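Student: Below is the sequence, then the predicted model.
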Amino acid sequence: MSGIAATSVETWRLVGASGLIGVRLFWKFTSVSKELLKMREDTSVKGIGGILSAESLVHVSERRALRSLLCDVIDRDDGLVLEKLQAVESIDIERHFPGLLGIAAKKKAERCITALTLRASVPSLCNSVSGLSAVDVGGLKKETLVQLLEKKVLHPDSWFVCEVGEEVGNRVGHRGTAGRERPQIRHWKPLLNALLDAYNFDGVEAVLEARGRMDVCEWEAEAGSRWEVYYRWERTPLHCLIFALTNLEKSLLENPQSLEHRTQQAAHQASLPLQHMKQRGVALIPRMVVAASKAGCLEWTAVVPLRILDESKNRSVMTTVEASCLELACACMQPEVVRELLVAGVRISKVKWTIVRKTIDGCHEQHRWLAERRGCDDCTRYSHPRALKKAEDRCLETLEILAEAGAGLESQSVLDGHTPLSLACDFGLQDVCQFLLNREVSVRTTGVGLKGETRAPKVPLVISLQHSHWVIAKLLLEAGADPNEIAWVDGKPVSPLVQAMKCVPDRTDRKWDPFCEWEEAESAVKLLIEKGAQCEIPLGETAQVDSAGCPDPASNLDTGFPLVFACGELYGDLARLLLEKAGADPGKESSIRNSEQTPVEALLRSGARSYLAPPEEERCVEQILESLTRAGADWEAEVDRDGHTPLSLACLMRFRKAVEFFLQHKAALTSRRESGGLRGRAIVSDRPVPLIICFQQADWPLATLLLEGGEDPNGLGVVDGTRVSPLIAAMQTLSNWGSKRTCAESTIKLLIEKGARCQFSGRAGVEDVQDDSIPLSLVSPLIVACSLGLPDLVRLFIEKGGADPNEKGKLFDDKEFRGHVSSRSPLRSPVETAVRSCGQDEEEESCCVEILKILADAGGDLECRSEAAEQTPLSLRLARESNLRRVVHFLTIDDMMQ
């Protein structure tokens, strides 16, 4: 490129002088030709002077590149290049980059040492002579500091070598290893920064009066390789001022005296020293901003931690961000600094969304910090309200200043799809949301979001509901938010109504959580429904669609959840509104408590303990059932995968109020489910039979209620792989449990009076059953009554139940375990069973004799010979073996009479 045209050289000169390409690229492209190489010797703004101007060194990377260039020059001991850089008028190398002489001495760069010492004494050489450290200087009074500056003991541009953690508010975490010594980290700090970190604002004023430089920043002096990415501070004095004011503000909020005093006057008295110190710092803002503006470093950036208020976090690459003074002032909510920076002419066109976001982020960060200081997780509930309000007021003041300056209040982030309003909704900043709404910010999302993408537009209404910010949700609805706008949450489409019901507190929270916001949640959901929220959103009417060719988001909504949840938690008013105004389907399933349930199933399973609950919960159950009935709920349909009807499930849950309701509304009974059912004939059902369920659970009063309501007393059901009748189930429960015998006997008598028959367990009645795949139970109610010694039931079964006194049966059906019979019950006659089950107690013998009389009167065979050749009847032999004298006497007399 030796023959490069003059016009091209001039073009390259203009590009280089503009400062757009930076130090590294400038150094590279000027090396391609002799003509361009001359730009390095041109110290004016048309040459290297334009690259090294303060305006061109705005970003930290450019200042780092220049420092790297200086170190490279010293490594090569290139004194000529160093002299050219020293000759640039727009920057003072020695005052901007301390420690160059020490680096040259370590590298034994003799020519560079000569170049550095040719000039007058520089501040970086005065540090070791004065013997003062940054901590020493930070504690000096203004008068002493002025004296040191006047006597040239201390230069206004002095530098100090500090160790990390030595100064206030600059702690840095590290990768500590057990048994190893913590690595040493040292960095250069300007005099102004040292004073600001010590909150010595009077001293800062003295240095400014002595014309201390503002276009300087901190630099790393010495660090191990392990710390290269962990320490990137490089703050300017203006950055330090913002941090100092923020730390003072934090101390005012953190001070227990200022937070815990009962009266506002006492709190004010306790915080006076801090407030006075902060006022002195605020008074410096205009002067420092003007000085930085004259030096051209007003927009210089520094690398700061993402969590400004949390200094315990490691300042690694992943937890730091580059920020200008304006961005940092917004993040720290310093409206005084923001106002002065904007007055000084800081441009916001490039960062108008960034600064608004940083302001809202900063407010949330301070809320979270306050909560953590009080040992809590939820910043909106547990932090001190006065401190929270103060932080949000400063945020509002900052946003007001930015809005007047033209900052974008509706811009959408390309990184995560957030707008200022959606971000404020996410953080629960109610006053900020109100401010944005007063500014007529749109509450409806615009744009197209892809399924599952983090860049999909955020819906403010859904976000506020997702985090249970109910007051904010109501503000948005009153401002015109779309109650049916679908958003993507965790890669799934969610409507505002579904999201709201997912965040409504359940009954457990209402009972035990002292901070439960049930009233706010209920009012928000009611307002949402009043504004037109629907469970079933029509296809094609959603604001966001899947542009990747997937189905409409509305087709994938869990539209059944709101009603299922409301029924499961016994929220009667919400369930009624969902059915009457939100178009909820009373038969639609949804997932609740890790299972798919219908609204009726959720209601019955959750409200089953209402028989022990207060009356108000029972009224809620009745209210919900009435609402479901008006909405057209099918009480004959199956409500779960086990085939339960609403009535049978209510019986299973022992839910008396629900059973009464279903009986009153003529819900599906066994006799009504099967066509052709006749009294006295077996009606077979594969569904669970309500009456059998009640008998299995020994719920005799509920069984009585069913019988009086018209339940079929002969409806067969399947229990443990066999078909049983209600009478068999009742007798087996009576045999196994034996409790509440009086109540049980009265219920069994009612069962017989309603038409229950005993024959369905034996050979008779087999013709009534069409399905032979499931065997009939061989249990005989008469046999069970004989084994229990209940003569009244024996008589009842024979006289009204159609029992055969000579028919053999079992006490229980054979039970199998892993394909093998684990227990058997032999077939026995009623007489044999009565004798075998009789004890030697006088009362038991009397009952046995009475049973034998009843059987004999009905034509029962009292001899029970097991073999025809036996001379002694089996019953008599069993009575003699058991020494049952009265039974033996009765059988002997009866035999003689025959």
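Tutor: Ah, there it is. Everything numeric here is computed off the predicted structure, so don't read it as measured data.

Student: which stretches of the stretch 101-250 of the chain have low pLDDT?
Tutor: For the stretch 101-250 of the chain, applying pLDDT under 70 flags the ranges 119-130, 164-185, 221-233.

Student: Quick one: the helices in it, in order.
Tutor: For the stretch 101-250 of the chain, helices defined by DSSP state H, counting those that start in this stretch occupy the ranges 110-117, 123-130, 134-138, 142-150, 191-197, 201-209, 237-254.

Student: Equivalent analysis for the stretch 251-400 of the chain, please.
Tutor: Secondary structure of the stretch 251-400 of the chain (DSSP H, counting those that start in this stretch): helices at 256-260, 264-270, 272-283, 285-295, 325-331, 335-343, 352-373, 379-382, 385-404.

Student: Can you give the contact residues for the fifth one?
Tutor: Contacts made with helix 325-331 from outside it, assessed by C-beta atoms under 8 Å, 6 or more residues apart in numbering, are listed as 236, 238-239, 242-243, 292, 298-300, 302, 304, 308, 323, 337-338, 341-342, 346, 348, 351, 354-356, 358-359, 361-362, 365, 398, 402. Just so you know, the C-beta spots here come from the backbone N, C-alpha and C atoms, and that holds for glycine as well.

Student: so who does Val441 touch?
Tutor: 409-410, 419-421 are the contacts of Val441 under C-beta under 8 Å, 6+ apart.

Student: same thing with Leu563?
Tutor: Leu563 neighbours (C-beta under 8 Å, 6+ apart): 535, 575, 578-579, 584-586, 588, 590, 599.

Student: helix/strand/coil for it?
Tutor: Leu563 falls in the helix class when you classify it by DSSP: H, G, I helix; E, B strand; the rest coil.

Student: which non-adjacent residue is nearest it?
Tutor: Leaving aside its chain neighbours, Leu563 sits nearest to Ala584 (4.0 Å; criterion: C-beta to C-beta, 6 or more residues apart in numbering).

Student: Pretty sure the one you found sits against Leu578.
Tutor: Yes - counting by C-beta atoms under 8 Å, Leu578 is a contact partner of Ala584 at 4.0 Å.

Student: any shared contact partners between the two?
Tutor: The contact sets of Ala584 and Leu578 overlap at 535, 562-563 (C-beta under 8 Å, 6+ apart).

Student: how far does stretch 147-157 sit from the chain's center?
Tutor: Centroid separation for stretch 147-157 versus its chain: 58 Å, with C-alpha atoms, centre = their mean, to the nearest Å.

Student: Can you list the buried residues in it?
Tutor: Of the residues in stretch 147-157, 148-149, 154-157 count as buried by neighbour count, 16 or more other C-beta atoms under 10 Å.

Student: now do stretch 586-603
Tutor: Of all the residues in stretch 586-603, those buried under the rule 16+ other C-beta under 10 Å are 586-590, 592, 597-603.

Student: now swap in stretch 526-536 and tell me
Tutor: The neighbour-count check on stretch 526-536 (16+ other C-beta under 10 Å) flags 527-529, 531, 533-535 as buried.

Student: Pick out the lowest-pLDDT one from those residues.
Tutor: Lowest pLDDT of these: Cys535, 90.

Student: which residues touch it?
Tutor: 497-498, 559-560, 562-563, 578, 582-585.

Student: Drop anything exposed from those residues.
Tutor: Among the contacts of Cys535, those classed as buried by 16+ other C-beta under 10 Å are 497-498, 559-560, 562-563, 578, 582, 584-585.

Student: about what we covered before: in helices only, show me the buried residues of stretch 526-536.
Tutor: Mapping these onto helices (DSSP state H) picks out 527-529.

Student: Of those, which is the nearest to Leu66?
Tutor: Comparing these against Leu66 with C-beta to C-beta picks out Leu528 as the nearest, at 57.8 Å.

Student: got the contact list for stretch 131-140?
Tutor: With C-beta under 8 Å, 6+ apart, stretch 131-140 has contacts from 145, 148, 154, 160, 162, 166-167, 189, 191, 194-195, 197-198, 200, 203.

Student: Figure out how far it is from the centre of its chain.
Tutor: Computed by C-alpha atoms, centre = their mean, the chain-centroid distance of stretch 131-140 equals 49 Å.

Student: swap in stretch 102-116?
Tutor: In terms of C-alpha atoms, centre = their mean, the centre of stretch 102-116 is set 59 Å apart from its chain centre.

Student: Go through it and flag the buried ones.
Tutor: Neighbour-count burial for stretch 102-116 [16+ other C-beta under 10 Å]: 102-104, 109, 111-113, 115-116.

Student: Same question for stretch 83-95.
Tutor: Buried, per 16+ other C-beta under 10 Å, within stretch 83-95: 83-86, 88, 90-95.

Student: Can you tell me the centre-most residue of the protein?
Tutor: The centroid of the chain falls nearest to His467 when counting by C-alpha atoms, centre = their mean (7.7 Å).

Student: all strands of this protein, in order?
Tutor: 159-163, 185-190, 219-223, 301-305, 320-324, 487-489, 492-494, 590-592, 595-597, 683-684, 715-719, 722-724, 815-817, 820-823 (DSSP state E).

Student: any chance of the ones you listed in CSV, with distance to Lys749 too?
Tutor: Shown next, in CSV, are those (distance: least, C-beta to C-beta, whole Å):
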stretch, distance to Lys749
strand 159-163, 94
strand 185-190, 92
strand 219-223, 94
strand 301-305, 81
strand 320-324, 83
strand 487-489, 59
strand 492-494, 57
strand 590-592, 42
strand 595-597, 38
strand 683-684, 21
strand 715-719, 19
strand 722-724, 19
strand 815-817, 29
strand 820-823, 30
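
Student: out of those strands, nearest to Ala730?
Tutor: With C-beta to C-beta as the measure, strand 722-724 is the member of the strands of the chain nearest Ala730 (9.9 Å).
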